[in-house]
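S.K.: Sharing a model that was predicted from the sequence below.
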Amino acid sequence: LYDAQASELSSRMTAMKAATDNAGELVKALTSVFNKKRQAGITAEICEISAGASCIDTEMSPLGPDLGLEDNEDSVLPDLLQELEFGSLPEFPPVISDA
């Protein structure tokens, strides 16, 4: 009789330990997901603020942005011609709808 009770209590303790361990792992996983989503939101807000500040600070020429420090007509033109040749550029710009 005592052995049956001891066995039952041992099984309950084992089950509770397993449940506690699983809950701890679940907390870690959910905390990680929460932190990643929070960081993604923060990053998106920083990008929006940075883009807005960039638009305010500089006036864009009608021809597009200026070339970068390492870009010039000699380095950009071959890449553009290669993109045109292989058809990686669309024929028409994409239509953006506010649907």
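M.R.: Perfect, I can see it now.
S.K.: low-scoring pLDDT stretches of the protein, where are they?
M.R.: Across the chain, the ranges flagged by pLDDT under 70 are 57-73, 76, 79, 87-99.
S.K.: ok, which stretches of it are strands?
M.R.: For the chain, strands defined by DSSP state E do not occur.
S.K.: so where's the longest helix in it?
M.R.: Taking residue count as the measure and DSSP state H as the definition, the longest helix of the chain comes out as helix 2-57.
S.K.: So which elements touch it?
M.R.: Counting contacts by 3 or more C-beta pairs under 8 Å, 6 or more residues apart in numbering; DSSP states H and E, helix 2-57 packs against no other helix or strand. Heads up, the C-betas are built off the backbone N, CA and C, glycines and all.
S.K.: ok, how many other residues are close to residue 9?
M.R.: Using other C-beta atoms under 10 Å, residue 9 has 10 neighbouring residues.
S.K.: ugh, typo on my part, it should be residue 13
M.R.: Counted with other C-beta under 10 Å, residue 13 comes out at 10.
S.K.: cool, residue 24 as well?
M.R.: If you count neighbours by other C-beta under 10 Å, residue 24 ends up with 10.
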